[in-house]
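[1] Provide a 3D model corresponding to the input given below.
(one chain, ligands or ions: 3)
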Amino acid sequence: MRLSHSAPVILATALLFIHAHAQVTQTEVVATTVTHYYTAPAPTVPLSSQYSDDLDFRTSILNSTNFYRYEHSVPFLYWNTTLAAYAQEYSSKCDWQHSHGAYGENLARGYTNVTAAVEAWGDERKDYDFSTTNPTGFTEPTGHFTQLVWLSTQSTGCGWTDCDGQNGLDGIYLVCEYWPPGNLIGQNNYWFKQNVFPERPAGDDGFNELEATRGATGGVPSATASASPTASGTSMASANVEVRRSNLWAALGVTVAALLFGLGMS
Ligand SMILES: *[C@@H]1O[C@H](CO)[C@@H](O)[C@H](O)[C@H]1NC(C)=O
Ligand SMILES: *[C@@H]1O[C@H](CO)[C@@H](O)[C@H](O)[C@H]1NC(C)=O
Ligand SMILES: *[C@@H]1O[C@H](CO)[C@@H](O)[C@H](O)[C@H]1NC(C)=O
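    Ligands and ions are numbered 1, 2, ... in the order given. Model prediction:
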């Protein structure tokens, strides 16, 4: 919640709604570091190892996330266990709204694997205008993408729970936290101009999967992608209309709910 000046800012992240209708049976898996409570999909659709295997989970999140970051010329994220623990705890509540924590946050529900969820966030880039003078800034349909590729964000941590219809939340609920958080809005999109860049002309040429996923095992990847000088501000992501004030700054959250219907589901 630190910010170096007093200008009002609007901070937001977005919700991603996907409705899944998987047939499920109750199961519990105790992993090495976190406990996932989930209901396994019907036997014909086994739970993706991207969820059930902790290393696969971390690797898949980082690989997909850093693939977008590479294409948009910002350094790779590494895995942050503090964020992951927070995300895991929050996802277990099966509460389909933002946690109002100190981190950036992307939510997804109903995706059968991690890659598909992150790609749904990343593919929002098709709706983003990267104009250097008048970029899109924060919008509901692009907020996950801009958090994903936000320059000054350094680490991520995610957790998931199969909510099995709890609180009306079907399927697997994926929660990802980002630190320092992105989607800092205000000052004529100054922060977006500083932190969100267009796709590099060479696309994914030179993308190094090993480097991109190094953070999954506790390492901190070197910055293999370069970008313009970093904006050093931190921000706070929140959802729903609210006004926050502290001694140094005021932040205004906006309601953000991106309604996406995919995967052939209603
Ligand atoms: C990493 O992402 C790239 C680009 O999407 C993909 O081609 C590759 O198969 C992924 N690797 C893993 C281990 O997920
Ligand atoms: C992980 O995120 C927390 C949350 O803000 C931060 O305080 C901490 O420095 C991060 N850990 C590392 C190793 O960067
Ligand atoms: C993830 O799910 C999507 C959509 O169901 C599917 O097309 C894709 O092959 C899956 N990827 C992996 C790595 O399981």
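
[2] Wait, V196 touches T146, no?
    Yes: distance between V196 and T146: 5.2 Å, which falls inside the contact criterion (CB atoms under 8 Å). All C-beta atoms are positioned from the backbone trio N, CA, C, and that covers glycine.

[3] shared neighbours, those two?
    When contacts are counted by CB atoms under 8 Å, 6 or more residues apart in numbering, the set common to V196 and T146 consists of Y128.

[4] Strands of the stretch 1-150 of the chain, start to end?
    Per DSSP state E, counting those that start in this stretch, the stretch 1-150 of the chain has strands spanning 9-11, 15-17, 24-30, 35-41, 78-79, 104-109. These are given in chain order.

[5] Check whether the longest helix seen in the chain comes near ligand 3.
    Within the chain, and with DSSP state H defining each element, the longest helix by residue count is helix 54-71. No: when contact is scored as CB under 6 Å from any ligand atom, no part of helix 54-71 falls within range of ligand 3; the minimum is 7.3 Å.

[6] Packing partners of that helix?
    helix 49-52, strand 78-79, helix 114-122, helix 143-148, strand 155-162, helix 209-212 (3 or more CB pairs under 8 Å, 6 or more residues apart in numbering; DSSP states H and E).

[7] before we move on, the earlier item: which stretch in the strands of the stretch 1-150 of the chain has the least confidence?
    If you rank those by mean pLDDT, strand 24-30 sits at the bottom with a mean of 33.

[8] what number of residues lie near whichever residue of the stretch 51-200 of the chain sits closest to ligand 2?
    When scored by CB to the nearest ligand atom, the stretch 51-200 of the chain has N80 as its residue closest to ligand 2, at 3.7 Å. Residue crowding around N80 was assessed by other CB atoms under 10 Å; the count is 21.

[9] for it, what are its contacts?
    Applying CB under 8 Å, 6+ apart to N80 gives the contacts 155-157, 177, 179.

[10] Write down the beta-bridge partners of Y178, one by one.
    G104, T156 (DSSP bridges).

[11] Test my guess that it contacts A102.
    No: at 10.7 Å, Y178 does not count as touching A102 under the criterion of CB under 8 Å.

[12] Neighbour count: those two, which is higher?
    Neighbours were tallied for Y178 and for A102 using other CB under 10 Å; the higher tally belongs to Y178 (28 against 18).

[13] count of neighbours near the closest residue to N63 other than its chain neighbours?
    When the adjacent residues along the chain are set aside, N63 lies closest to T213, with 5.1 Å between them (CB to CB, 6 or more residues apart in numbering). Residue neighbour count, defined by other CB under 10 Å, stands at 24 for T213.
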